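# Below are the sequence and a predicted model; questions follow.
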Amino acid sequence: MSNECKVDCGRRRLVVATAAVGGAGAIAALVPFLSSMLPSERAKAAGAPVEVEIGGLEPGQMMTVEWRGKPVWIINRSQPMLETLPVLDGAVADPKSDKKMQPDYCKNETRSIKPAIMVAVGICTHLGCSPSAKFKKGSDEGMDGNWLGGFLCPCHGSTFDFAGRVFKNKPAPDNLEVPPHMYLTDTRILIGEDKKGA
């Protein structure tokens, strides 16, 4: 092998090695740059639908989950809770949720897909406080003697029934929000998505 070939072959190897190292370096620099353009896990979680298992939720019980940074209440309403709803139609401001844009499946007396299960964002529509559960009838929980159960916003006194409907002449202008949701099974709810269209 001549000296000229040794030098030329060495240069080629050097060029190929340099190109390979440069290409690897460019890819190494490009990957973090491109991944920085994707939404973070926190950002994805903030808007992502939430699956909730409700099989263990007994009648009269409530659970709270988080969706988009908001508390979402899921209540398995007992028969006595459901029986209060028609009685209160005349006392609530918007019995069928006609005033504000809400999913079609909440434009009924129970404001729900399945009558027993209530799904609502637990934030008062007045100034964003979180109402407290006042499930006992009468004055047991410091409510009026005619109280049939529901929720009280401690900030300004708005009251809501077991369907999240706001009572008349209260500071809250609207019923509690019903988030988009759907049933994946009889005991599993997906909050934040509604494939049928809300």
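Great, that's in hand.

# can you list the domain ranges for this protein.
1-38, 45-191 (automatic domain parsing).

# Is it possible to get CSV of the ones you listed that adds mean neighbour count?
(Glycine included, C-beta is placed from N, CA and C.) Converted to CSV, the domains of the chain look like this (neighbours: other CB atoms under 10 Å):
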stretch, mean neighbour count
domain 1-38, 9
domain 45-191, 17
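
# could those domains go into a markdown table alongside mean pLDDT?
Listed next are the domains of the chain as a markdown table, based on pLDDT from 0 to 100:
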| stretch | mean pLDDT |
| --- | --- |
| domain 1-38 | 60 |
| domain 45-191 | 91 |
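
# Can you name the residues that contact the residue at minimal distance from the centre of the chain?
Centroid check for the chain by CA atoms, centre = their mean gives Trp67 as the closest residue, at 3.0 Å. Shown in contact with Trp67 (CB atoms under 8 Å, 6 or more residues apart in numbering): 49-50, 121, 179, 191-192.

# One more pass at 10 Å, please.
Counting by CB atoms under 10 Å, 6 or more residues apart in numbering, Trp67 touches 45-50, 52, 119, 121, 179-181, 191-192.

# what separates it from Glu83, distance-wise?
29 Å (CB to CB, to the nearest Å).

# picking up where we left off before, okay, the residue nearest to the centre of the chain and Cys106: tell me how far apart.
16 Å.

# hang on, the earlier thing: out of the contacts of Trp67, who's nearest Ile74?
Closest approach between the contacts of Trp67 and Ile74, by CB to CB: Val119, at 5.5 Å.

# Could you tell me the phi and psi values at that closest one?
phi -130, psi 120 (degrees, to the nearest 10).

# Let me know whether it touches Ile54 as I believe.
Yes: applying CB atoms under 10 Å as the test, Val119 and Ile54 come out as touching, 9.4 Å apart.
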